[in-house]
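> just coords:
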């Protein structure tokens, strides 16, 4: 298995409707996951960026949430419209997108 320079985990957690924490699923994680996957294909980044869905990442109120390894950079409130900037900045030049970053403890 190849070692990817970037491994992206997209929260796809789904909670029951009306749950007080909400969930990334109700905030559009499936569209985000599709946009990221398509962007990797379009930019021919198959050997550089691996995108996976995952269960709850934790910051539910900031969803959809993603985390990018190996740096451990967390992003929140990411929308499909943000994907071109993420790809161009983070995955092609190594510069995280500050406006989307979540502060980790």
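Arrived safely. What you see is a predicted model, and the numbers here were worked out from it, not measured in a lab.

> Can you give me the neighbour number for residue 83?
Using other CB atoms under 10 Å, the number of residues around residue 83 comes to 21. For the C-beta atoms, the positions are set from N, CA and C on the backbone; glycine is no exception.

> Also residue 94?
Quick note: residue 94 (other CB under 10 Å) scores 10 neighbours.

> Surely residue 96 and residue 71 touch.
Yes: using CB atoms under 8 Å, residue 96 is in contact with residue 71, at 7.5 Å.

> ok, these two, which is more surrounded?
Taking neighbours as other CB under 10 Å, residue 96 and residue 71 compare with residue 96 leading, 16 against 11.

> Next one: the more buried one from residue 79, what distance?
For residue 96, the distance to residue 79 equals 17 Å [CB to CB, to the nearest Å].

> same check, this time on residue 60
16 Å.

> Residue 67 too?
Plainly put, residue 67 is 17 Å away from residue 79 if you go by CB to CB.

> repeat for residue 3
29 Å.

> next one: phi and psi at the residue most central in space within the chain?
The chain has residue 66 as the residue nearest its centroid, 3.2 Å off, counting by CA atoms, centre = their mean. When read as degrees, to the nearest 10, the backbone of residue 66 gives phi -140, psi 160.

> And for residue 54?
Torsion angles, degrees, to the nearest 10, at residue 54: phi -150, psi 170.

> residue contacts, it?
Residue 54 makes contacts with 9-12, as judged by CB atoms under 8 Å, 6 or more residues apart in numbering.

> and if we set it to 10 Å?
8-13, 24, 29, 65-67 (CB atoms under 10 Å, 6 or more residues apart in numbering).

> Equivalent analysis for residue 50, please.
Residue 50 is in contact with 1-9, 40, 69, counting by CB under 10 Å, 6+ apart.

> Quick check: pLDDT value at the residue nearest to residue 85 when sequence neighbours are not counted.
In this structure, residue 85 finds its nearest non-sequential neighbour in residue 97, 5.7 Å apart by CB to CB, 6 or more residues apart in numbering. Per-residue pLDDT puts residue 97 at 98.

> gap between residue 97 and residue 91?
Residue 97 is 10 Å from residue 91, by CB to CB.
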